[in-house]
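# Build me a structure from this.
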Amino acid sequence: MASGRSLEPWARELLRCPVTGATLVDGVGPDGEPTLVSTDPENPLAYPVRDGIPVLLVDEGVPVGRD
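Prediction:
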């Protein structure tokens, strides 16, 4: 995660997409900011990371475009 702030590995393993329950991986949003991206193959969603804190709210999930 950005700014040298990262979660402990054990805490990182607990994070899940609040919509699908899929695991989350590090990503980068269109604005270059860090995100967490759901690994759900049918409904991947990206969640913002603000000030090193993942914002895992259902309303914050943005569909990931498929190229």
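
# And the helices in the chain, which stretches?
9-14 (DSSP state H).

# what mean pLDDT would you report for stretch 49-61?
For stretch 49-61, the mean per-residue pLDDT is 92.

# So the nearest residue to residue 62 once chain neighbours are set aside versus residue 8, what's the distance?
Leaving aside its sequence neighbours, residue 62 sits nearest to residue 46 (Cβ to Cβ, 6 or more residues apart in numbering; 5.0 Å). No exception for glycine: its C-beta is placed from N, CA and C like everyone else's. With the distance defined as Cβ to Cβ, to the nearest Å, residue 46 ends up 22 Å from residue 8.

# try residue 37
In terms of Cβ to Cβ, residue 37 sits 20 Å off from residue 8.

# same deal with residue 25?
17 Å.

# Please apply the same query to residue 50.
Residue 50 is 19 Å from residue 8, by Cβ to Cβ.

# Over to residue 57?
Counting by Cβ to Cβ, the gap from residue 57 to residue 8 is 22 Å.

# So residue 25 and residue 8 - more neighbours on which side?
residue 25 (12 against 8; other Cβ atoms under 10 Å).

# How confident was the prediction at residue 12?
Note on residue 12: pLDDT of 78.

# Could you count how many residues lie near it?
Using other Cβ under 10 Å, residue 12 is surrounded by 15 other residues.

# again, but for residue 16
Residues near residue 16, counting by other Cβ under 10 Å: 15.
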